[in-house]
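A.B. asks: Sharing a model prediction with you, sequence too.
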Amino acid sequence: MRVWPAGHHGDESAERGYIIMPAGQKCKSHPRKSAVERFMETFPAVIAEDRWALEKQQGMFDLPRRWMSRGVFLRPDRALRRAREILMGLEQAERTSEANRIAAE
């Protein structure tokens, strides 16, 4: 894969190259196929899944503002979601504690 920083396409001094998949690499789940062949077979399904997720996320903009920061979580995001809930709770407790301290003064 050849890439350039934004606005520098074609500038040889800024061009960078990356190897995504070595030529001839076999697919682990289908050893008779190359990794590239298998990628090309599954690519439409991956794009469809990504599109679904992006459409769900985009729908958040139609929700009331208070829901915006919560996001749309997928099943694999359970640990992330729980961590975010814990941090939000700690932040709320800190704000409440600070408000109580100021009211007591």
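C.D. replies: The structure has been received and is ready for your questions.

A.B. asks: switch to C-alpha atoms for all contacts and neighbour counts from now on
C.D. replies: Will do.

A.B. asks: Show the residue spans covered by the helices in the protein.
C.D. replies: Ranges of helices within the chain are 35-58, 78-104, based on DSSP state H.

A.B. asks: Next, format those helices as TSV and append mean pLDDT, mean neighbour count and distance to Arg16.
C.D. replies: Output for the helices of the chain, formatted as TSV (pLDDT from 0 to 100; neighbours: other Cα atoms under 10 Å; distance: least, Cα to Cα, whole Å):
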stretch	mean pLDDT	mean neighbour count	distance to Arg16
helix 35-58	86	13	21
helix 78-104	87	11	33
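
A.B. asks: Any idea which of those helices gets closest to Glu12?
C.D. replies: helix 35-58 (27.2 Å; Cα to Cα).

A.B. asks: is it possible to export the helices of the chain to CSV including distance to Gly7?
C.D. replies: Listed next are the helices of the chain as CSV, based on distance: least, Cα to Cα, whole Å:
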stretch, distance to Gly7
helix 35-58, 26
helix 78-104, 35
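
A.B. asks: can you tell me how far the residue located most distally from the centre of the chain sits from Ala99?
C.D. replies: Most distant residue from the mean C-alpha position of the chain: Glu105, 44.5 Å away (Cα atoms, centre = their mean). Counting by Cα to Cα, to the nearest Å, the gap from Glu105 to Ala99 is 10 Å.

A.B. asks: which residues are in contact with both of those two?
C.D. replies: Among the neighbours of Glu105, none is also in contact with Ala99 (Cα atoms under 8 Å, 6 or more residues apart in numbering).

A.B. asks: care to break this structure down by domain?
C.D. replies: 25-72, 73-105 (automatic domain parsing).

A.B. asks: what pLDDT does Gln18 get?
C.D. replies: Careful, residue 18 is Tyr; it's not Gln. Here the pLDDT value assigned to Tyr18 is 78.

A.B. asks: I figured it was touching Trp4, is that so?
C.D. replies: No. Under the criterion of Cα atoms under 8 Å, Tyr18 makes no contact with Trp4, lying 11.2 Å away.
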